[in-house]
Structure formats: structure tokens, C-alpha cells
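S.K.: Sequence first, predicted model second:
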Amino acid sequence: MITVRKSNDRGMGRHGWLTSHHTFSFANYYDPKHMGFRSLRVINEDTVAPGKGFGAHQHDNMEIISIVMEGALAHRDSTGGDGVLHRGEVQRMSAGTGVTHSEFNGSDKEPVHFFQIWIMPAKDGIAPGYEQKMFPEDDRRGRLRLLAAPGAEDGAVDIHQDARLYSAILDRAQSVRHELGSGRGVWIQATRGTIDVNGTTLNQGDGAAIENETTLVISAPAGAETPSEILLFDLGD
């Protein structure tokens with residue numbers, strides 16, 4: 001079963017320096033029908049104006065993943081994590097017992113467009129941690145590349161939950177397959193372009209919850225002029 005969450009149905013916040021689209025309830029946007037999917041709690045698609053950002057604030061007991069689509073995102077936190085993310089880089093911050101962090105546009109000229117993802121950890125009270133890693137586009141073109149997984153499987157960043165996050169870039173008519181294990185669910189987010197998932201069309205910004213399927217075939221249109229891009233979350237109970 002594939003349940004689509006259309007881009008235009010997402011929550012939205014405009015704050016002058018920030019435009020944010022909320023797939024699930026977040027901050028001032030609340031919808032009891034959209035509180036997350038399994039351990040996946042937040043998918044925010046944010047665009048931050050040059051020189052602006054989120055000042056120091058605290059989180060605990062959450063796995064927070066940031067993925068930059070365009071621009072530069074500067075990060076600093078109380079674990080000593082400090083870096084600037086560009087397209088292709090993935091940042092993982094385990095908030096655990098508590099961490100204070102800030103994110104700012106790393107450019108004073110260009111906006112930064114990125115996804116912030118929250119996954120609930122399997123266990124509360126772990127030690128906070130920070131990790132940043134580059135995943136080149138060539139590693140994701142025409143295939144599902146694992147970005148985040150427990151135990152840093154296959155070179156992914158390490159997360160403390162039975163969840164795996166993949167990315168794929170699909171050129172015209174390219175397709176990938178993903179097999180679902182027993183009892184698992186998938187969330188797919190179309191981050192660029194249009195894709196077909198087992199006959200269901202997702203346009204840019206759309207997401208879909210998928211359960212009770214065994215195989216997913218994810219394809220880019222034969223007539224696509226630009227590549228399509230997805231994030232795929234494979235989630236346990």
C-alpha cells in the first residue's frame with residue numbers, strides 16, 4: 001500500500017529569512033494525522049537566506065540528519081562538532097542526553113537549501129555525537145546509496161535506530177529496486193524531479209508511506225530533461 005503525501009499539503013512556515021516545508025507536524029504546524037512514520041519523526045525542507053540561520057538551541061534524545069541540496073550550511077555544537085556542509089555531504093548529530101547546536105547559512109551571498117531529518121533513537125540517554133561525511137554524486141547515480149544506518153553499515157553515518165536512509169539520483173528512464181524485509185515500511189521523499197514508484201507518481205516535494213509491499217521499483221520518466229533524486233527510508237517496527 002502506497003499512501004502519498006503531496007508537496008502542497010505539507011505544513012509551511014515563512015519567517016522572512018527562512019522558508020520551511022514540514023512533511024510532519026513541527027513547531028507551529030500541527031496535524032494529528034501527520035505526526036511521523038514509524039521512527040521517522042521530522043522531514044523539514046528548509047531554505048535559509050544568506051547570512052541567516054538558527055541560533056544556539058538544545059535538543060535531546062533524537063538522531064538529527066542534515067542533507068544539503070544547494071549552498072553551504074555551517075554547523076556548531078556543544079560536542080565539539082564544527083563544520084560546513086555542501087551538496088553531497090551528510091551530517092549526523094545524536095542529541096542523546098542533550099546537545100546545544102546552531103546552523104547558519106555558510107554564505108553571505110547565496111541561499112542554502114537543505115533537508116533536516118529527525119529519527120527517534122532506539123534508546124534514550126545515549127552519549128551525544130557528531131559525524132559528517134561526503135557521498136559523491138557518482139556513488140548515488142543509478143543506484144541506492146546507503147547514507148545512514150546503525151553501526152555505520154557500508155560506510156554510512158551511524159545512527160542509533162533500526163532505520164536505513166538511502167539516496168539515489170536517476171537519469172532519464174533509469175530505475176532502481178528495493179526489497180522490503182518482513183514487517184518493514186518505507187518512506188520515499190522526492191527531492192528533485194518526478195519518479196514512479198510501483199505505478200504511483202511522485203513529483204518534487206511529494207512523499208509516500210509504503211507498507212505491505214515486498215519489492216519497490218523506482219523509476220525516472222523516460223522523457224525527463226533533468227535527473228530525479230530521492231531519499232528512501234527503510235524503517236523497522
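M.R.: Nice, I can see it. Residues are numbered from 1 along each chain as shown.
S.K.: I'd like to know which helix or strand in the chain has the lowest mean pLDDT.
M.R.: strand 53-59 (a mean of 85; mean pLDDT, DSSP states H and E).
S.K.: Name every strand pairing with that strand and say which way it goes.
M.R.: Paired strands of strand 53-59, with direction, are strand 99-105 (antiparallel) (DSSP bridges).
S.K.: Can you pull up the most central residue in this structure?
M.R.: Closest residue to the average C-alpha location of the chain: residue 117 at 4.7 Å, with Cα atoms, centre = their mean.
S.K.: Only the buried residues of the helix or strand it falls within, if you could.
M.R.: Taking DSSP states H and E as the definition, residue 117 sits inside strand 112-119. Buried residues in strand 112-119, defined by neighbour count with 16 or more other Cβ atoms under 10 Å: 112, 113, 114, 115, 116, 117, 118, 119. Using the backbone N, CA and C atoms, a C-beta is placed for each residue, glycine as well.
S.K.: List the residues that contact the second one.
M.R.: Listed by Cβ atoms under 8 Å, 6 or more residues apart in numbering, the contact partners of residue 113 are 45, 46, 47, 68, 69, 70, 71.
S.K.: Among those residues, which lie within strands?
M.R.: Mapping the contacts of residue 113 onto strands (DSSP state E) picks out 45, 46, 47, 68, 69, 70.
S.K.: which residues of the chain fall in helices?
M.R.: In the chain, the helices defined using DSSP state H lie at 137-140.
S.K.: about what we covered before: by neighbours, which of the contacts of residue 113 wins?
M.R.: residue 46 (22 neighbours; other Cβ atoms under 10 Å).
S.K.: Name the nearest residue to the residue nearest to the centre of the chain, ignoring sequence neighbours.
M.R.: residue 65 (4.3 Å; Cβ to Cβ, 6 or more residues apart in numbering).
S.K.: just how off-centre is stretch 182-200 within its chain?
M.R.: Its chain's C-alpha centre and that of stretch 182-200 lie 13 Å apart, by Cα atoms, centre = their mean, to the nearest Å.
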